[in-house]
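Novice: missing the sequence, but the structure's below:
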Ligand SMILES: [Zn+2]
């Protein structure tokens, strides 16, 4: 049990105020303290952000170099799909993380991954289109990828936040549910045993 504000160790203390910073807490109400220190949560967030960043970098590199694609649409979705998958993973992990120090690196990595997927996917789209035998003139009007490169953080941000917020609601709802299922305080008196209903003696005359 740790203080939400300053992470001072509160285990064994009675309900009241944190001796370190004065924030009120109540051992009976788990929303008033942290069960675990937030340090590991922040490290977990930063570590998984680095992992997702590394994996999506590798995935984008592999899909950008992919050869023999027959359709520019497939080419776009293969590359953009890597970024979108990384964005979903990062947003869900950020929602699951209990510290903003862990959430922010994950959200940023997710947005950059979606952004990179869109920009490189758009670029790949034109490259594959231009390589097709019957490429029309529009295939060479390839200023689109530059626009995506400049503005891609907007759809990237909308996508990642759009996954993060519902996931955050689901996780906090689940945690609240788990809290309400927690066993009652040991100081609570046991419920009185209900009286047995009066039974008719088996040999009573009917
Ligand atoms: Zn404190």
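Specialist: Perfect, thanks for sending it. Being a predicted model, the structure only gives us computed values, none of them experimental.
Novice: Which parts of this structure are strands?
Specialist: Applying DSSP state E to the chain gives strands spanning 16-17, 24-25.
Novice: and among those strands, the most buried is which?
Specialist: strand 24-25 (a mean of 18; mean count of other Cβ atoms under 10 Å). Using the backbone N, CA and C atoms, a C-beta is placed for each residue, glycine as well.
Novice: ok, residues contacting that strand?
Specialist: Applying Cβ atoms under 8 Å, 6 or more residues apart in numbering, the contact partners of strand 24-25 are 1, 3, 4, 10, 15, 16, 17, 18, 32, 33.
Novice: And the third one, how far from the ion?
Specialist: From residue 4 over to the ion the distance is 8 Å, taken as Cβ to the ion, to the nearest Å.
Novice: Now do the same contact list for that residue.
Specialist: Residue 4 sits next to 23, 25, 32, 33, 34 when contact means Cβ under 8 Å, 6+ apart.
Novice: Any buried residues in stretch 164-173, and which?
Specialist: Buried residues in stretch 164-173, counted by 16 or more other Cβ atoms under 10 Å: 164, 167, 168.
Novice: what's the closest non-adjacent residue to the first one?
Specialist: Read it as residue 164. Closest residue in space to residue 164, ignoring its immediate chain neighbours: residue 91 at 4.1 Å, by Cβ to Cβ, 6 or more residues apart in numbering.
Novice: wait, doesn't residue 109 sit right on residue 86?
Specialist: Yes: the pair residue 109 and residue 86 passes the contact test of Cβ atoms under 8 Å, sitting 7.5 Å apart.
Novice: what is in contact with those two at once?
Specialist: Common neighbours of residue 109 and residue 86 (criterion: Cβ under 8 Å, 6+ apart): 52, 56.
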